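Asks: Fold the stuff below for me.
(one chain, ligands or ions: 1)
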Amino acid sequence: MTIVIAIDGPAAAGKGTLARRVATELNLNYLDTGLLYRATGFAVLQSNEDPSDPASALKAAQNLQPADLDNDRLRDDECAQAASKVAAIQSVRDQLLAFQRSFAQTPPAGKKGSVLDGRDIGTVVCPDADVKLFVTASVAVRAERRLKELQNRGQDVIYAQVLKEMEERDARDRDRDTAPLKPAEDAILLDTSELSIEDVIAKAVKIISEKTT
Ligand code: DC
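Replies: Next up, the predicted model:
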């Protein structure tokens, strides 16, 4: 039986770090679904088109290749904002859905299952996931984490700007009509504001182990 773990939550809540560690500790295949939207947004920007334009965004999503996900520039805030814009377009989400579902259901030989992180994994992509975690933290804590990450990458940024962009992106992801950011009804909430990453991982691994054995 294939184990499927869904990890959703807003930007910089710690879900990527958590998902990667869960994948390693439990021998699961890992997909960061945000990269699909970032790579789509990046391709639109590269063509000097508008990420909010449905035709441009859909064309970019249709032409996406696995190698496009392997690009350090996708981590930039410009890509995050473009990702959040293309992600609000229904046809783009529909285009990316089959790949995500197939990734979840068909892990390579030797892996026990899959862990996917994103915004709508528990609600739309894998509604039958064995475990659904919704990882949150206050926007102030998330902006602080994001600021440190960008500064560590040598970028010249200030807290107020990072906070503003995070609030904008949260609002766009949460308030959109299609697959908005929200916990699935059967998701377990993990607030990471006051926890160390090791505490978060320990909690998550315990929850997953209890639910999958
Ligand atoms: O997880 P991330 O910050 O890399 O995601 C970038 C954007 O992509 C995010 O602002 C919203 C969108 N996204 C989405 O709509 N659904 C997902 N499953 C993953 C990401």
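
Asks: from here on, contacts and neighbour counts on C-alpha atoms
Replies: Fine.

Asks: Around the ligand, pick out the residues from the chain.
Replies: When proximity is defined as Cα under 6 Å from any ligand atom, the chain approaches the ligand at 11, 33-35, 37-38, 80, 83-84, 87, 118-121, 169, 173.

Asks: Those in strands, which ones?
Replies: Judged by DSSP state E, the residues of the chain next to the ligand include G118 as members of strands.

Asks: which one of the residues of the chain next to the ligand sits closest to L74?
Replies: Lowest distance from L74 to those (Cα to Cα) belongs to R38, with 5.8 Å.

Asks: ok so, going back, can you tell me which of the residues of the chain next to the ligand is closest to F99?
Replies: Among the residues of the chain next to the ligand, and counting by Cα to Cα, the member closest to F99 is T33, at 10.0 Å.

Asks: so what's that closest one closest to, chain neighbours aside?
Replies: G118 (5.4 Å; Cα to Cα, 6 or more residues apart in numbering).

Asks: What of P107?
Replies: P107's closest residue in space is G113 (Cα to Cα, 6+ apart), at 5.6 Å.

Asks: what about stretch 22-36, start to end distance?
Replies: 21 Å (Cα to Cα, to the nearest Å).

Asks: residue contacts, the residue nearest the centre of the chain?
Replies: Nearest to the geometric centre of the chain sits G118, at 2.8 Å (Cα atoms, centre = their mean). For G118, the contact set (Cα atoms under 8 Å, 6 or more residues apart in numbering) comprises 7-9, 32-34.

Asks: Tell me the bridge partners for it.
Replies: D8 (DSSP bridges).

Asks: How much space separates it from Q151?
Replies: 24 Å.

Asks: Where does pLDDT dip in this protein?
Replies: Applying pLDDT under 70 to the chain picks out no residues at all.

Asks: Helices of that one, start to end?
Replies: Ranges of helices within the chain are 15-26, 34-46, 54-62, 77-86, 90-105, 139-152, 159-175, 197-212, based on DSSP state H.

Asks: chain center to stretch 87-105: distance?
Replies: Centroid separation between stretch 87-105 and its chain, computed with Cα atoms, centre = their mean, to the nearest Å, is 13 Å.

Asks: Now do the buried residues in it.
Replies: The neighbour-count check on stretch 87-105 (16 or more other Cα atoms under 10 Å) flags 87-89, 91-93, 96-97, 100, 103-104 as buried.

Asks: again, but for stretch 14-30
Replies: So stretch 14-30, judged by 16+ other Cα under 10 Å, has buried residues 14-16, 18-23, 26, 28-30.

Asks: burial count for E194?
Replies: Neighbour count for E194, taken as other Cα atoms under 10 Å: 11.
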